[in-house]
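A.B. asks: Sequence first, predicted model second:
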Amino acid sequence: MLLETLGAAREIGRINEIAGVLIRHGFGDTVRRLGLADRLERAGHIVKWEHAADLARLEPPVQVRLALEELGPTFVKLGQILAGRADLLGPEWIAELQRLHSQVPAVPLDDLRPQLREDLGDEPENIFARFDVEPLAAASIAQVHRAQLHDGSEVVVKIRRPGIREVIEADLRLLDRLAAIAEADMPSLKPYRPRRLVREFARSLRRELDLAVECHNAERVADNFAQTPHVLIPRVHWAHTSERINTQDFVDGIPGERLDLLPADAGFDRTVLAQRGARAVLKMIVEDGFFHADPHPGNVFYLPGNRIAFIDFGMVGSLSPQRREELLQLLLGLVTRDAQAVATVLLDWAGDDHGQSLSQLETEIEAFVDQYHGSPLAQLNLGEMLTRITTLLREHHLTLPPDLALLIKAFISLEGMGRGLDPGFHMATEAMPLLQEVARARYQPGAIAARGWKTLLRALRLAEQLPHDLSRLLRNARRGQLRVSIEVTHLKRVGDQLDRAANRLAMALVIAALIIGSSIVMTVRGGPTLFGLPVFGFLGFCGAVACALWLVRAIWRSSRPQDDDA
């Protein structure tokens with residue numbers, strides 16, 4: 001039972017609050033189907049239905065967005081994550097969820113002081129040469145104050161809201177239980193694996209709650225761009241950084257969302273900025289395998305000298321070497337219009353849980369890519385192509401792994417920013433040289449030797465572990481603890497096919513024997529005749545013909561898919 005397992009009465013109250021918000025926004029049927037109303041009433045809570053139709057005239061995506069905003073930071077973050085999952089939701093849902101924002105007032109500095117004293121060791125006015133009382137920005141998880149160090153460095157101090165972790169952890173527990181109920185009671189949601197989605201979201205949100213993790217991410221990206229002077233990542237001040245607070249250099253530039261403040265006479269070149277931004281994010285994704293997963297205009301600043309600064313690395317994506325290789329094949333396949341390469345990668349990503357629809361999906365992917373055959377490179381819209389591919393996956397009830405969903409979201413955001421700076425910007429044109437360079441680099445002698453060396457080391461480690469594993473296996477066998485599990489997919493079907501093949505082979509042998517025997521009988525003179533032919537020889541040939549017709553019919557029927565199991 002849901003409520004018996006929740007424990008604390010405040011969590012029961014939170015469920016009541018969630019149910020009330022859903023009902024008020026027109027989702028009373030969902031509350032009933034999840035069984036929340038019955039459970040709350042058994043726990044002694046009264047469910048209010050009188051405002052159930054207040055927002056019924058709004059479109060469902062709008063109702064969901066408003067409900068998520070009202071439910072608070074956990075649900076707002078969930079909606080923002082879902083806004084990047086075009087493989088799960090249609091374009092009208094994505095467009096609405098991208099508008100999600102938290103109407104959260106800033107926490108007064110006096111309410112922050114106990115936590116600041118604990119994290120900094122003293123009052124902020126004593127730690128910093130200057131500490132602004134009014135925040136620069138306030139969001140659902142943290143707010144940012146500008147300050148100055150005693151050495152004169154201008155910094156921003158990001159402070160996590162007091163008590164926010166406890167609120168989010170309670171909401172995550174509720175979400176997990178609601179996802180379990182939805183998965184059990186709403187079969188239409190099973191292909192989307194709600195529980196797995198909630199667990200992945202919980203991992204991501206817990207990392208975002210640790211403000212020190214954001215700084216580790218920033219430093220990792222900064223190391224990757226150490227030799228790229230036109231890309232700036234704010235420096236971290238670890239003396240004033242911990243789980244609930246972080247301090248980084250203040251970026252004095254023009255926000256990416258304020259392009260109206262980007263004057264050409266100040267030396268800014270929009271075309272150069274678009275190219276450098278695209279190449280920077282492509283480098284993160286294709287070369288480094290560690291990328292900013294939310295490069296929207298609010299997280300990008302433009303600096304004099306056509307430099308670009310990236311901030312807020314709370315949400316990042318990481319790609320394994322194998323995933324980078326697959327991504328390289330996919331992107332090269334898109335920009336070179338190689339339909340087979342694109343289909344191969346996407347089918348690998350989709351997995352084999354939906355084998356019946358994969359052949360149709362492959363055909364649709366190839367048809368989609370083939371329509372761009374012969375199109376000039378500059379006319380390809382990579383963001384649009386990736387969006388349409390994820391739509392194909394969604395129509396076949398296939399979902400992308402989380403790292404790839406983040407990657408595609410970053411790609412689409414990047415192309416949108418580039419076109420905002422320069423209407424003539426073409427992502428495919430910018431991506432092609434880098435993709436070709438990375439592809440060539442993989443086959444340089446040094447790269448091949450490095451991969452070979454790693455493979456050899458893995459083989460040696462396996463060989464070193466083998467005697468230990470064999471020894472343990474023998475010990476278990478002597479103790480009678482050895483278990484052997486063999487799983488053969490469709491074993492019965494394979495056995496039936498072998499039986500049919502053996503039967504047909506036996507029938508073929510019988511036919512051959514009848515023909516040979518009858519031929520011999522035909523050469524013997526004397527005995528009864530029929531139509532002037534020896535009776536036994538004639539009957540043998542008739543039997544051979546009948547058996548041959550049966551065999552031909554059986555083979556013909558087995559060649560038809562609908563009769564395969566006959």
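C.D. replies: Structure received.
A.B. asks: isn't there a helix covering residue 309?
C.D. replies: No: counting by DSSP: H, G, I helix; E, B strand; the rest coil, residue 309 is located in no helix; its state is strand.
A.B. asks: Which residues are in contact with it?
C.D. replies: Remark: with contacts taken as CB atoms under 8 Å, 6 or more residues apart in numbering, residue 309 is in contact with 231-234, 251, 253, 300-303. Where C-beta positions appear, they are placed from N, C-alpha and C, glycine not excepted.
A.B. asks: give me that answer again for 10 Å
C.D. replies: Residue 309 is in contact with 231-234, 249, 251-254, 256, 299-303, counting by CB atoms under 10 Å, 6 or more residues apart in numbering.
A.B. asks: Strands - which of the residues you listed land there?
C.D. replies: Using DSSP state E to define strands, the subset of the contacts of residue 309 located there is 231-232, 249, 254, 300-303.
A.B. asks: And the buried ones among those residues, selectable in PyMOL?
C.D. replies: Selection of buried members from the ones in strands among the contacts of residue 309 for PyMOL, criterion 16 or more other CB atoms under 10 Å:
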select buried, resi 231+232+249+254+300+301+302+303
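A.B. asks: could you dump the ones in strands among the contacts of residue 309 to TSV with pLDDT and distance to residue 153?
C.D. replies: Formatted as TSV, those follow (pLDDT from 0 to 100; distance: CB to CB, whole Å):
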residue	pLDDT	distance to residue 153
231	93	20
232	94	15
249	95	7
254	89	21
300	90	22
301	92	17
302	91	21
303	91	17
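A.B. asks: picking up where we left off before, with respect to residue 539, which of the contacts of residue 309 is nearest?
C.D. replies: Set against residue 539, the nearest of the contacts of residue 309 by CB to CB is residue 299 (89.5 Å).
A.B. asks: does that closest one really touch residue 234, like I thought?
C.D. replies: No: with contact defined as CB atoms under 10 Å, residue 299 does not count as touching residue 234 (11.3 Å).
A.B. asks: which residues are common contacts for the two?
C.D. replies: 309-313.
A.B. asks: By neighbours, which of those residues wins?
C.D. replies: Comparing these by number of neighbours (other CB atoms under 10 Å), residue 313 comes first, having 26 neighbours.
A.B. asks: give me every residue that touches that one.
C.D. replies: 208, 213-222, 233-234, 248, 290-294, 299.
A.B. asks: Could you look up the SS state of it?
C.D. replies: Assignment for residue 313 (three-state DSSP): coil.
A.B. asks: Phi and psi next, for it.
C.D. replies: phi -100, psi 30 (degrees, to the nearest 10).
A.B. asks: Look up the closest residue to it, ignoring the ones flanking it.
C.D. replies: Residue nearest to residue 313 in three dimensions, not counting chain neighbours: residue 217, with 3.8 Å by CB to CB, 6 or more residues apart in numbering.
A.B. asks: And the helix or strand containing residue 273, what's buried?
C.D. replies: Using DSSP states H and E, residue 273 sits in helix 270-282. Buried residues in helix 270-282, counted by 16+ other CB under 10 Å: 270, 273-282.
A.B. asks: Okay, and residue 504 sits in which element?
C.D. replies: For residue 504, the host element (DSSP H and E) is helix 491-522.
A.B. asks: my bad, residue 196
C.D. replies: For residue 196, the host element (DSSP H and E) is helix 194-209.
A.B. asks: Quick check: mean pLDDT of that helix?
C.D. replies: For helix 194-209, mean pLDDT rounds to 84.
A.B. asks: now swap in stretch 89-105 and tell me
C.D. replies: Mean per-residue pLDDT for stretch 89-105: 76.
A.B. asks: Can you show me the CA trace of it as PDB?
C.D. replies: Presented in PDB, the C-alpha positions along stretch 89-105 are these (Å, rounded to 0.1, in the frame of the first residue of the first chain):
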ATOM      1  CA  LEU A  89       6.900  13.600 -26.100                       C
ATOM      2  CA  GLY A  90       5.500  15.300 -29.200                       C
ATOM      3  CA  PRO A  91       6.500  18.800 -30.400                       C
ATOM      4  CA  GLU A  92       3.500  20.600 -28.800                       C
ATOM      5  CA  TRP A  93       4.500  19.200 -25.400                       C
ATOM      6  CA  ILE A  94       8.200  20.000 -25.900                       C
ATOM      7  CA  ALA A  95       7.400  23.600 -26.900                       C
ATOM      8  CA  GLU A  96       5.200  24.100 -23.800                       C
ATOM      9  CA  LEU A  97       7.600  22.400 -21.300                       C
ATOM     10  CA  GLN A  98      10.400  24.600 -22.600                       C
ATOM     11  CA  ARG A  99       8.500  27.600 -21.100                       C
ATOM     12  CA  LEU A 100       8.700  26.100 -17.600                       C
ATOM     13  CA  HIS A 101      10.000  28.500 -15.000                       C
ATOM     14  CA  SER A 102       9.800  28.700 -11.200                       C
ATOM     15  CA  GLN A 103       8.100  31.700  -9.700                       C
ATOM     16  CA  VAL A 104      10.300  31.500  -6.600                       C
ATOM     17  CA  PRO A 105      11.100  34.700  -4.600                       C
END
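A.B. asks: Show me what counts as buried in it.
C.D. replies: For stretch 89-105, burial by neighbour count (16+ other CB under 10 Å) applies to 89, 93-94, 96-97, 100, 102, 104.
A.B. asks: Residue 197 contacts residue 85, doesn't it?
C.D. replies: Yes: in this structure residue 197 lies within contact range of residue 85 using CB under 10 Å: 8.5 Å.
A.B. asks: just the helices in the stretch 51-200 of the chain please.
C.D. replies: Applying DSSP state H, counting those that start in this stretch to the stretch 51-200 of the chain gives helices spanning 60-71, 73-82, 91-97, 109-120, 124-127, 164-185, 194-209.
A.B. asks: quick one: residue 244 from residue 132, how far?
C.D. replies: 19 Å (CB to CB, to the nearest Å).
A.B. asks: okay, those two: which has more neighbours?
C.D. replies: Shown here are residue 244 and residue 132; by other CB under 10 Å, residue 244 has more neighbours (21 against 16).
A.B. asks: isn't that one right next to residue 143, touching?
C.D. replies: No: using CB under 10 Å, residue 244 makes no contact with residue 143, being 11.9 Å away.
A.B. asks: Give me the common contacts of those two.
C.D. replies: By the contact definition CB under 10 Å, 6+ apart, residue 244 and residue 143 are jointly contacted by 158-161.
A.B. asks: chain center to stretch 283-299, what's the gap?
C.D. replies: Stretch 283-299 sits 15 Å away from the centroid of its parent chain (CA atoms, centre = their mean, to the nearest Å).
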